[in-house]
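Participant: Show me how the following folds:
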Amino acid sequence: MRIKLKLLIVALALCSLPTLAQQGNSEVSANFTGNFQKQATGNGITDNASNSGGVLVNYRYHFNRWSAIEVNYAHTQFTQYYNSGSTTQAAVNEATVAYQFTFGIPQESRFHPFVEAGTGAVLFSTPINAGSNSGGFSQGRPTLLYGAGVSYKLIGALSAQVGFRGLIYKVPDFAVTSQFTNATTQLAEPYVGLTFRF
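Facilitator: Below you'll find the model as predicted:
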């Protein structure tokens, strides 16, 4: 599963890296995130996840003033609590690609709002032993992504960025019978960080 995730990240990066020679069309950013997974119930089992903080990095390529494509990687760690009495703590890695609509705002403007939609995968790593049920396995989940945000030019090519991302995916069960919900959930991911355009 880790090999598949790495291949997905490489493929997304290659698909979104048109020529970098056009100055001012590329952006990289680093952000801090909050991670809040919504409660989900299925098969008589309810999953509640702990809230956590994390990191999000992305590369964005602007085709013009109206549209861009963005490749994202995020990492966090949180615990899934099931009402069956089962608990699993895992590291979570996320790789997504999204189209962004950027409203035709000129590059020299201070404010740059955007909305986005895309897809990708969320990998719940091999459960961390402390506080987890034994016998769990890593799991990847396809995800749909939507979001919005705004960047504010600080000085030169440096901007501050704030936004919100929502990820929709099937609740992880780590192949543990007492954790099977087959339910869909949403991860709310507000973020704040810095972006550099080149």
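Participant: Out of the helices and strands in this structure, which is least certain?
Facilitator: Least confident helix or strand of the chain, by mean pLDDT, DSSP states H and E, is helix 2-15 with a mean of 55.
Participant: so what's Ala188 up against?
Facilitator: 34-38, 164, 166 (C-beta atoms under 8 Å, 6 or more residues apart in numbering). For glycine as for every other residue, the C-beta is placed from the backbone atoms N, C-alpha and C.
Participant: Considering the residues you listed, which possesses the most neighbours?
Facilitator: Asn35 (25 neighbours; other C-beta atoms under 10 Å).
Participant: how close does Phe198 get to Arg60?
Facilitator: 11 Å (C-beta to C-beta, to the nearest Å).
Participant: List the residues that are in contact with both of these two.
Facilitator: Contacts common to Phe198 and Arg60, judged by C-beta under 8 Å, 6+ apart, are 26-28.
Participant: Next step: those restricted to strands.
Facilitator: Mapping those onto strands (DSSP state E) picks out 26-28.
Participant: Checking Ser178 next. Helix, strand or coil?
Facilitator: For Ser178, the assignment made with DSSP: H, G, I helix; E, B strand; the rest coil gives helix.
Participant: That one and Thr88 touch, don't they?
Facilitator: No: using C-beta atoms under 8 Å, Ser178 is not in contact with Thr88; the gap is 10.1 Å.
Participant: quick one: common contacting residues for the two?
Facilitator: With C-beta under 8 Å, 6+ apart, Ser178 and Thr88 have common neighbours Asn133.
Participant: In the shared contacts of Phe198 and Arg60, which residue is surrounded by the most others?
Facilitator: Glu27 (21 neighbours).
Participant: which residues does that one contact?
Facilitator: Counted by C-beta under 8 Å, 6+ apart, Glu27 has contacts 59-62, 195-198.
Participant: Kindly indicate which of these lies nearest Asp173.
Facilitator: Tyr59 (32.2 Å; C-beta to C-beta).
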